[in-house]
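Starting from these lines, generate the structure:
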Amino acid sequence: MEFLQGDGIYVSRSQRLTQFIVSSSDSLRAYRCGVWIWKLGNLETMSSRGEHQTVPLSVLLKRELANERIENPEIVHGQASQSKKGEDFTLLKTECQRSIGDGVTTFSVFGLFDGHNGSAAAIYARENLLTNVLSAIPTDLNRDEWVAALPRALVAGFVKTDKDFQERAQTSGTTVTFVIIEGWFITVASVGDSRCIFESTEGGIYYLSADHRLECNEEERERITASGGEVGRLNAGGGAEIGPLRCWPGGLCLSRSIGDMDVGEFIVPVPYVKQLKLSTAGGRMVISSDGVWDALSAEVALDCCRGMPPDAAAAQIVKEAVQLKGLRDDTTCIVVDILPQEKPAAPLPPPKKPVKGMFKAMFRKKHSESSSRVDKEYIEPDMVEELFEEGSAMLSERLDTKYPLCNMFKLFTCAVCQLEMKPGEGISIHAGSSNSVKLRPWDGPFLCSSCQEKKEAMEGKRPSGDRHSSESD
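Numbering: from 1, shown residues only. So this is what the prediction gives:
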């Protein structure tokens, strides 16, 4: 949170700045994550569209109390797969601990790794990505702060995993769809063409990943050509071109992945990230490799398994996809149901005995608005909210100092690999950009020399080494 001179206080939520204008010098309270902020009296808020609303202090207090009473959901999951090449791998972990030894602060992780040109990259990412993401999150954060830190940490974790794997000089690559569920918050990071969708109990469908196929992503095609790569179809001779659009050299159909060191470093590991806050009614999430989505739309995939438990639902989705297109590729599906906790029925209260003054109470004048009605009016809206979405491939944008929790990250630690550096050793992530002349020596975040080289290679600012031809997809 950044406190500015004067009465303006800026708080970031959903990556958009919201200005809270305090009309007097009354006392103010705010969480560090910037989720709740209030003063004694009324608080005027201004959205990015310039709309104003007055929110009473009592509203914010009741919202906070209501949120504290909300229980974590029940997570039920299942998976199914039919193998063609043996290059699809999954990660399914529930009750992961944010704090070692603390069984309360837990979260769940679901990952799908669709390898190509071998399985080494998929296996390595499955074994190391979560550790790299968690190492990029500061310690001692409360839950709201931890959730707000995830988008930045996921970017750092993806890039570190890619960099470490490429140092092994293995040429395989993998798509990644990586989901973290903390309470009623879902955060999804993805590179490649595996996809994740969520259907709320209310019936809305949310697309939580991006498709990084060159065939359908014009922005990525432009980024690759600007970085020194070429995009085109396979030349079959005689001027004929066949197949999907590919990146050359290498012939990869994707613009983002982990691994693929032989293709060129403009194939980047920087993920698209999206974050949702679910309603307490929950819903169903489906994570599948391209073998499913090449055959089924989101609506068909959800409809074909409606009413089934997750294990059976995943098997049905894979079955439907294979029946339509055949088993041309590894076809994998993970289904996760996010459900409200089942509560035992409350016992019926014993019948009340007549008491003195009962008839007087029956005819007493009632207020036009009961307190329960007022409470309902002030409860936080129970609906799906999109909190964060960002897909830029530029590290200088994804790890920028404008990030709302930048003050919680160590100043002299590499923003990607978490290497501790001495003052003056780090290179500002903005170095070489058009506004770098305005930067002060302490303007971070900073990169170590190795991660700075990786950043420059991804942005096409230096040769990325020898590239060996390959036609993997």
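
would you say A321 is within a strand?
No. Assigned with DSSP: H, G, I helix; E, B strand; the rest coil, A321 falls outside any strand and is helix.

which one is F266 nearest to, not counting chain neighbours?
Nearest residue to F266 in three dimensions, chain neighbours excluded: S227, at 3.8 Å (CB to CB, 6 or more residues apart in numbering). For every residue, glycine as well, the C-beta is placed using N, CA and C.

and E220, what helix or strand is that in?
helix 218-226 (DSSP states H and E).

ranges for the strands of the stretch 301-450 of the chain?
331-339, 385-390, 427-428, 446-447 (DSSP state E, counting those that start in this stretch).

The ones you listed: which one's closest to L399?
With CB to CB as the measure, strand 446-447 is the member of the strands of the stretch 301-450 of the chain nearest L399 (8.6 Å).

So which elements touch that closest one?
Helices and strands touching strand 446-447, as assessed by 3 or more CB pairs under 8 Å, 6 or more residues apart in numbering; DSSP states H and E, comprise strand 427-428.

Starting from the strand it packs on, tell me which strands it pairs with and how they run.
In the sheet, strand 427-428 lines up against strand 446-447 (antiparallel) (DSSP bridges).

sorry, back to before: in the helix holding E220, which residues are buried?
220-221, 223-224 (16 or more other CB atoms under 10 Å).

For stretch 155-175, buried residues please.
155-163, 165-166, 170-175.

check contacts around E241.
232-235 (CB atoms under 8 Å, 6 or more residues apart in numbering).

Out of those, which comes closest to Y124?
L234 (28.4 Å).

so what's the closest one scoring on pLDDT?
As predicted, L234 sits at a pLDDT of 87.

Burial check on it, number of neighbours?
Using other CB atoms under 10 Å, L234 has 14 neighbouring residues.

for it, helix, strand, or coil?
At L234 the chain is in strand, as set by three-state DSSP.

For it, name its beta-bridge partners.
I242.

give me every residue that touches it.
Here L234 is in contact with 241-243, 246, 251, 471 (criterion: CB under 8 Å, 6+ apart).

what's the lengthiest helix in the chain packed up against?
Longest helix in the chain, counting residues (DSSP state H): helix 143-166. Judged by 3+ CB pairs under 8 Å, 6+ apart, the packing partners of helix 143-166 are helix 120-135, strand 173-182, strand 185-191, strand 258-259, strand 272-277, helix 395-398, helix 449-458.

what's the angle between the helix holding E220 and helix 449-458?
Interaxial angle of helix 218-226 relative to helix 449-458 (axes from the mean of the first three to the mean of the last three CA atoms, to 10 degrees): 110 degrees.

Run through who's touching helix 218-226.
212, 214, 230-231, 245, 247, 255-256, 266-267, 393, 460.

which of those are buried?
212, 214, 231, 245, 247, 255-256, 266-267, 393, 460.

which of those residues lies closest to A149?
A393 (20.8 Å).

got a list of what the closest one touches?
So A393 contacts 220, 223, 256, 268, 270, 458 (CB under 8 Å, 6+ apart).

what's it sitting at in phi/psi?
Backbone torsions of A393, given as degrees, to the nearest 10, read phi -90, psi 0.

I'd like the distance from it to G239, if you could.
A393 is 32 Å from G239, where distance means CB to CB, to the nearest Å.

G118 too?
The gap separating G118 from G239 is 33 Å, by CB to CB.

now that we're looking at the residue nearest to F266, how far away is S428 from it?
Distance from S227 to S428, by CB to CB: 21 Å.

before we move on, what about I334?
In terms of CB to CB, I334 sits 39 Å off from S428.

Those two - which one has more neighbours?
Using other CB under 10 Å, the more surrounded residue of I334 and S428 is I334, with 27 against 20.

residues in contact with that one?
Contacts of I334 by CB under 8 Å, 6+ apart are 77-79, 90, 92, 110, 112, 286-288, 314.

So which of those residues sit within helices?
Counting by DSSP H, those place A314 in helices.

Could you single out the nearest of the contacts of I334 to D260?
Distance ranking of these against D260, using CB to CB, places L112 first at 17.4 Å.

if I pick the closest one, what's in contact with it?
By CB under 8 Å, 6+ apart, the residues touching L112 are 88-91, 175-177, 194, 287-289, 332, 334.

any idea how far F412 is from it?
Separation of L112 from F412 (CB to CB): 36 Å.

Please apply the same query to D193.
Going from D193 to F412 by CB to CB gives 38 Å.

Over to Q275?
28 Å.

So for the two, which residue has more residues nearby?
Between Q275 and F412, Q275 has the larger neighbour count (other CB under 10 Å), namely 24 against 16.

which of the residues in stretch 240-249 are buried?
Buried positions in stretch 240-249, judged by neighbour count with 16+ other CB under 10 Å: 245-248.

swap in stretch 269-286?
Result for stretch 269-286 [16+ other CB under 10 Å]: buried residues 269-279, 282-286.

Could you work out the most separated pair of those residues?
P269 and S279 (32.5 Å).

what ranges of this protein fall below the confidence cut-off?
1-70, 99-105, 343-381, 401-411, 432-443, 462-473 (pLDDT under 70).

Could you point out which of the buried ones among the contacts of helix 218-226 is nearest to E453?
For the buried ones among the contacts of helix 218-226, the residue nearest E453 by CB to CB is G460; the value is 13.0 Å.
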